[in-house]
Structures are given as C-alpha cells and as structure tokens.
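Undergrad: Generate a structure from the sequence data that follows.
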Amino acid sequence: VRLQASGGGLVQPEGSLRLSCAASGFSLNGYAIVWFRQAPGKEREGISCISRRGTSDYRESVKGRFTISRDNAKNTIYLQMNSLRPGDTAVYYCAARGGWGCYYNGMEYWGKGTLVTVSS
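TA: Numbers count the residues shown, from 1 in each chain. Now for the predicted structure:
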C-alpha cells in the first residue's frame, strides 16, 4: 500500500503547478483524500479534501486558487494550484482515509511529500 505525491518544483509567484497523488496496492475509490502541507517552521495543515462522492473542501487560504480532483480510472488525485504565492511554499503531502465525508484527521495512509517552492 503506497501513496506517492509528485509534481512539486520551483515556480514564480502567480505561477501554476499540478500535484499528483498516485496510489498503488489499493484503490482510492474507497477513500477520502486530503492534501496537507507543511511550511518551514510551521505545523502541518490540511488544505483540501475530496470525498468518495467527489465533493471537495478547501481551507480559506487556498480557496479560489487550488482545485482538487480525482481520476478513479488512473487511481490518482490531483491538486491544481494557480496564482501561487511565496506563502504557499511547503512540502505537500497526500493522505487517505476511509469514509464517505471529508476529514482532516485520522488519516490511514500517508504519502511522501513533494516540495513546492514559490519564489522569484
């Protein structure tokens, strides 16, 4: 059972990146998926969730700029990040939890993170 986040990199302010969270060894169909991030010197925070039903949730700090989506056929979750700011610089992680809703705790599986750096 494995989750792997990818797609991070260096981007200029106002730029875009798309992160991917690919699962192996299990199907993401049965899980809510959450994107977390941890900035240097700060606690990890959940920023977006997509439920098994496909409903999404966003923290205020990313609402209107980030979009979470799922492709069940590819067993992958995406996080499209637009209008990036230096404050978005962090290591981004994806995590999975069973259940029908969106949750930011009690995660069952965690992927290794991918670093996003927003800088000119």
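
Undergrad: only C-alpha atoms for contact and neighbour calcs from this point on.
TA: Noted.

Undergrad: for stretch 111-120, which positions count as buried?
TA: Using 16 or more other Cα atoms under 10 Å as the test for burial, stretch 111-120 gives 111, 113, 114, 115, 116, 117, 118, 119.

Undergrad: which residues touch that stretch?
TA: With contact meaning Cα atoms under 8 Å, 6 or more residues apart in numbering, stretch 111-120 is reached by 2-13, 21, 84-95.

Undergrad: make it 7 Å
TA: Stretch 111-120 is contacted from outside by 2-13, 84-86, 88-95, using Cα atoms under 7 Å, 6 or more residues apart in numbering.

Undergrad: okay, it in PDB with CA atoms only?
TA: Listed next in PDB are the C-alpha coordinates belonging to stretch 111-120 (Å, rounded to 0.1, in the frame of the first residue of the first chain):
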ATOM      1  CA  GLY A 111       2.500   9.600   1.000                       C
ATOM      2  CA  LYS A 112       5.900  11.000   0.900                       C
ATOM      3  CA  GLY A 113       5.800  14.700   0.300                       C
ATOM      4  CA  THR A 114       6.800  16.800  -2.700                       C
ATOM      5  CA  LEU A 115       8.400  20.200  -2.300                       C
ATOM      6  CA  VAL A 116       6.800  23.300  -3.800                       C
ATOM      7  CA  THR A 117       8.900  26.500  -3.800                       C
ATOM      8  CA  VAL A 118       7.300  29.800  -4.900                       C
ATOM      9  CA  SER A 119      10.000  32.400  -5.500                       C
ATOM     10  CA  SER A 120      11.100  34.900  -8.000                       C
END
